[in-house]
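Chemist: okay, predicted coordinates and the sequence, questions at the end:
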Amino acid sequence: MGKVLVMLTAATAVLACSVATVMVRSRMKRRRKWRRVVGILQDLEESCETPLGRLRQMVDAVAVEMQAGLVSEGGSKLKMLLTFVDDLPNGSERGTYYALHLGGSYFRIIRVYLGGQRSSLQVQDVERHCIPTSLLNSTSEVLFDFLASSLQRFIEKEGHESISSQDVKRELAFTFSFPVKQTSLSSGVLIKWTKGFAISEMAGEDIAECLQGALNRRGLDIHVAALVNDTVGALSFGHYHDPDTIAAVVFGTGSNACYLERTDAIIKCQNPRTTSGSMVVNMEWGNFWSSRLPRTSYDIELDADSLNSNDMGFEKMIGGMYLGDIVRRVVLRMSKESDIFGPISSILSTPFVLRTDSVSAMHEDDTPELQEVARVLKHLGVRKVPLKVRKLVVKICDVVTRRAARLAAAGIAGILKKVGRDGSGGGGRKSDKQVMRRTVVAVEGGLYSNYRMFREYMDEALIDILGDDVAQHVVIKAMEDGSSIGSALLVASSHSVRTIASV
Ligand code: BGC
């Protein structure tokens, strides 16, 4: 009996030991996996670092590249495109004008009425629609027919007060948010699609002509009077309300900036023929590149998988189309290297399935249990992850967005440096060092207006770069629909110039 008891005790002890060993092993395994995931996060943080010194190098690089792009065609990755916009609207414009805006994810149609004073501007009608994804790789005919039919419906809905009853031809601005080599204010050819559009037959086509053709085919009496990049529209709108506005930046699906440059600095353009002595230059800064950019393996993979690899490197780090996909790639790598996200979700492997608005929702989730993060992860096929894993996801969003916002700030500071408004006395005018003029930069786009953390990081970095003394003279002004309204204003101002000239 005693022997049996001893054996039983021994067996129990062995069992207890084995159970303990298994538990310890599995805990160690879990810890190892967790450490691996934390390691991935640390690597991400290190490779996304944007200390002030690096941002300042970027500021210099942006200013240098801007200069190079102004000297010769192809002299820089920054295209520095001429826009033929020399006179910005000033408030005296009159009439009713239209704008059709093809952006990255949305298109808008608006009608504005101008009564000859700033305060009389009325946006009488505005329609916003998502761009059907089927259009992105359709044909030129399908795309322009779609735009023309949308415009036709908009016009048919106009009341009896519309200008058609006054027997006046409608004047339209085409706000086209893609790189165009302009040949005049109202004509220009598409250089390359960006932001997922891929209608190859259109590169090299005159965009305004394509739209005009589609409008004519529908018998619409509308004249495409201006072809305007969205940044240029935003600058025009900003300047209309505040003449200290010298640059505009779009942070939307894509990203880009334009600014007002002295014509004598645009060396590649021999005969700019402007009356004001300056011209708006569309930088196409999405294509900016510098070895100082903090590039990660996720950026490299994203670029390789994109429709426009080796292009738009800066845009792929700061554009709304891409931030979500960078976060997705990090989460996917973590889920492949450990099971903290459960079985690998096939949804998570789908490119662009995580949109930047979901990133901002997760990043700004202030519920104690991070319910918003749980909701978004569930949509990605990742269920029931513990709170500490949800916190990890928030951290990934933070790292990716903070880098984007700080790089964006360096881009803006680069423009200020180029035009001598960064307090360093650059821009070729000695006196700029002593007198800091009020400088307004118009900003448009959902990434800036809807993503508070992006906005805060960007504003903070700009102050860090410029220093308080200079930053107090720089105003970042957010706008909504500014690029569309501003494009219509450009038609109005070119119209009044023509009207005056013909008197
Ligand atoms: C385009 C620019 C545009 C920007 C913002 C970029 O992808 O190349 O022309 O201004 O997106 O919409």
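Modeler: Arrived safely. Numbers count the residues shown, from 1 in each chain.
Chemist: contacting residues around the residue of the chain found nearest the ligand?
Modeler: Closest to the ligand within the chain is G254: 2.5 Å, counting by C-beta to the nearest ligand atom. Where C-beta positions appear, they are placed from N, C-alpha and C, glycine not excepted. By C-beta atoms under 8 Å, 6 or more residues apart in numbering, the contact set of G254 is 104, 177, 194-195, 286, 312, 315, 319-321.
Chemist: mind running it again at 7 Å?
Modeler: G254 makes contact with 104, 177, 194-195, 286, 315, 319, 321, according to C-beta atoms under 7 Å, 6 or more residues apart in numbering.
Chemist: check S494 too.
Modeler: With C-beta under 7 Å, 6+ apart, S494 has these contacts: 185, 225-226.
Chemist: neighbour-wise, which one of these leads?
Modeler: A226 (33 neighbours; other C-beta atoms under 10 Å).
Chemist: in stretch 469-483, what's buried?
Modeler: 470-471, 473-474, 476-477, 479, 481-483 (16 or more other C-beta atoms under 10 Å).
Chemist: in the stretch 251-400 of the chain, which spans are helices?
Modeler: 297-305, 315-318, 320-337, 356-363, 371-379, 387-418 (DSSP state H, counting those that start in this stretch).
Chemist: would you list those in a markdown table and tack on distance to the ligand and mean neighbour count?
Modeler: As requested, those are arranged in a markdown table below (distance: least, C-beta to the nearest ligand atom, whole Å; neighbours: other C-beta atoms under 10 Å):
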| stretch | distance to the ligand | mean neighbour count |
| --- | --- | --- |
| helix 297-305 | 14 | 15 |
| helix 315-318 | 6 | 24 |
| helix 320-337 | 8 | 22 |
| helix 356-363 | 14 | 23 |
| helix 371-379 | 25 | 18 |
| helix 387-418 | 12 | 23 |
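Chemist: residue numbers of this structure in contact with the ligand?
Modeler: For the chain, the contact set with the ligand under C-beta under 6 Å from any ligand atom comprises 103-104, 177-179, 194-195, 229-231, 250, 252, 254-256, 284, 286, 315.
Chemist: mind doing that once more with 5 Å?
Modeler: 177-179, 194-195, 230-231, 250, 254, 256, 286 (C-beta under 5 Å from any ligand atom).
Chemist: will you turn the residues you listed into CSV that also has secondary structure and distance to P243?
Modeler: Output for the residues of the chain next to the ligand, formatted as CSV (DSSP: H, G, I helix; E, B strand; the rest coil; distance: C-beta to C-beta, whole Å):
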residue, secondary structure, distance to P243
S177, coil, 25
F178, coil, 28
P179, coil, 28
T194, coil, 31
K195, coil, 31
D230, helix, 21
T231, helix, 18
V250, strand, 21
G254, coil, 28
N256, strand, 22
G286, helix, 28
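Chemist: of all these, which two lie farthest apart?
Modeler: K195 and T231 (14.0 Å; C-beta to C-beta).
Chemist: low pLDDT regions in the chain?
Modeler: Scanning the chain for pLDDT under 70 picks out the ranges 1-26, 159-167, 272, 426-434, 496-503.
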